[in-house]
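> sharing a sequence plus its predicted fold:
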Amino acid sequence: MRQAGRYLPEFRAIRVENDFFNVCRTPELATEVTLQPIRRYPELLDAAIIFSDILVIPQAMGMQVEMVPGKGPHLPEPLREPRDLARLTDQRKGFSVGRELDYVYKAITNTRHALAGRVPLLGFVGAPWTLMAYMVEGGGSKTFAEAKAWLFRCPQAAHELLRRIAAVAAEFLVGQVHAGAQALQVFESWAGELSPRDFAEFSLPYLRQIAAHVKQRCPDVPLTVFAKGAHYALEQLATETAFDVISIDWTIDPAAARIRVDRALRSAGSARRVVLQGNLDPTLLFADEDTLRRRTAEMCASFGATGHIANLGHGMMPAHDPERLRVFLQTVHSASRALR
Ligand SMILES: Cc1c2[nH]c(c1CCC(=O)O)Cc1[nH]c(c(CCC(=O)O)c1C)Cc1[nH]c(c(CCC(=O)O)c1C)Cc1[nH]c(c(CCC(=O)O)c1C)C2
């Protein structure tokens, strides 16, 4: 997560000259930035993730989104009440996901060619609840009070918005596969703001719909969900959705997650195998090298020898030292060789 980004001096150099969304919209730049970590860590990274952002969907739906350096996304005209839904363009005549987001498809195709088979390329979207949170708050938030107030005050309008975002997201994912993405991830980064009850009402049904839509059209493309903070929903994600991979943050013990997922699948009589992804606390990259090595090896052992994609439990941070990331990556490879 944020495999490309501000911890890399070569990324910062490109950002000096280019606005964030300009990089996303220029296929050559998006490809260059996507490839930077692949070049820096040859043989160590097993996949590239296309350089873009989850907020390209609100933009495609007609909202203005700025990326404020050092602060993150800012939507100057957030949705404040249900009648603001009329401002969104997704239901206007002539609206087309493919036309609005064609620049992402071009970036994906260009990057697939540039990768030349070195590693597979991942596409992604933001999940409906997380995108709704940005669209209503106008940016990041500590409490998500505005967005959650919508859920509780006007649940019908909230469901209408979530349903519309889900439709765009599902179509966008299929389009990314047609453009060349070989695996997909759905980011529900603010799942942890919801109670289990509200996750079941306002997030899970849309995650389920997105997975079903994509699996029907692209059955062979691995599909990952990252519902940050939603430990309580591991069983539901495993048994009630079609995601192949569940990505977990560091607040869940990997061995416990493995047991819970396998037990839930067994009791549901399901023969499918769900892969787990994660989950080192990104802050461990600030620890000394020995601690980082020890904790990374412990993490790999806790997930077990199979069915695990090693990753951080959330994104790289601007202050991370790229050389510490190398230590993490090398340790993942040596620890997994030892496990096998
Ligand atoms: C998958 C992805 C994302 N953003 C970026 C990528 C590109 C691919 C990659 O290299 O991982 C580039 C990507 N997106 C951004 C950056 C920062 C760099 C810059 O300003 O140049 C990068 C490299 C900007 C951004 N965009 C966003 C934030 C978070 C703000 C907040 O806490 O509210 C930030 C800081 C929204 C966003 N964007 C994304 C998420 C989901 C994952 C997560 O939880 O981190 C979220 C919530 C997803």
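Yep, it's here.

> at the contact with the ligand, which residues of the stretch 1-150 of the chain appear?
Within the stretch 1-150 of the chain, the residues that sit near the ligand (C-beta under 6 Å from any ligand atom) are 1-6, 15, 20, 49, 51-55, 67, 69, 72-73, 124, 140. (C-beta placed from N, C-alpha, C; glycine too.)

> residue 317 - how many residues pack around it?
Using other C-beta atoms under 10 Å, residue 317 has 15 neighbouring residues.

> which residues are in contact with the residue in the chain that the ligand sits nearest to?
Residue of the chain nearest the ligand, by C-beta to the nearest ligand atom: residue 140 (2.7 Å). When contacts are counted by C-beta atoms under 8 Å, 6 or more residues apart in numbering, residue 140 touches 72-73, 134.

> please apply the same query to residue 98.
Residue 98 touches 105, 171, 175, counting by C-beta under 8 Å, 6+ apart.

> quick check: closest non-adjacent residue to the second one.
What it means is residue 171. residue 97 (4.5 Å; C-beta to C-beta, 6 or more residues apart in numbering).

> doesn't residue 170 make contact with the one you found?
No: applying C-beta atoms under 8 Å, one finds residue 97 not in contact with residue 170, separated by 9.3 Å.

> helices of the stretch 101-250 of the chain, start to end?
Per DSSP state H, counting those that start in this stretch, the stretch 101-250 of the chain carries helices over the ranges 102-115, 128-137, 145-153, 155-179, 196-202, 204-217, 234-240.

> export these to CSV and tack on mean pLDDT?
Shown next, in CSV, are these (pLDDT from 0 to 100):
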stretch, mean pLDDT
helix 102-115, 98
helix 128-137, 98
helix 145-153, 97
helix 155-179, 98
helix 196-202, 98
helix 204-217, 98
helix 234-240, 98
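
> still on that earlier bit, ok, of the contacts of residue 140, which come out buried?
When the contacts of residue 140 are checked for burial by 16 or more other C-beta atoms under 10 Å, the buried set is 73, 134.

> quick one, phi psi at residue 2?
Torsion angles at residue 2 (phi, psi; degrees, to the nearest 10) stand at phi 50, psi 50.

> count the neighbours of it for me.
Neighbours of residue 2 (other C-beta under 10 Å): 20.

> and it, what's its pLDDT?
pLDDT recorded at residue 2 is 86.

> check residue 16 too.
pLDDT for residue 16: 94.

> A strand includes it, no?
No: read with DSSP: H, G, I helix; E, B strand; the rest coil, residue 16 is helix and lies in no strand.

> before we move on, the earlier item: pick the one among the contacts of residue 98 closest to residue 193.
Taking C-beta to C-beta as the measure, residue 171 is the one of the contacts of residue 98 closest to residue 193, at 26.1 Å.

> how many neighbours does that closest one have?
With other C-beta under 10 Å as criterion, residue 171 counts 19.

> and it, how far from residue 213?
To residue 213, residue 171 is 8 Å away according to C-beta to C-beta, to the nearest Å.

> for the nearest residue to residue 122 once chain neighbours are set aside, phi and psi?
Among residues not flanking residue 122 along the chain, residue 49 sits closest, at 4.3 Å (C-beta to C-beta, 6+ apart). Main-chain torsions, residue 49, degrees, to the nearest 10: phi -120, psi 130.

> how close does residue 49 sit to residue 280?
17 Å.

> these two: who's more crowded?
residue 280 (24 against 21).

> list the contacts for the more buried one?
250, 295-296, 299, 310-313, 328.

> could you measure it against residue 187, distance?
18 Å.

> before we move on, back to that, of the residues of the stretch 1-150 of the chain next to the ligand, grab the buried ones for ChimeraX.
Buried residues among these (16+ other C-beta under 10 Å), as a ChimeraX selection:
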select :1,2,3,4,5,6,15,20,49,51,52,53,54,55,67,73,124
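
> just checking, which of the residues of the stretch 1-150 of the chain next to the ligand belong to strands?
49, 67, 72-73, 124 (DSSP state E).

> what residues are up against the residue sitting nearest the centre point of the chain?
The residue lying closest to the centre of the chain (C-alpha atoms, centre = their mean) is residue 187, at 3.3 Å. By C-beta under 8 Å, 6+ apart, the contact list for residue 187 reads 54, 124-127, 130, 226.
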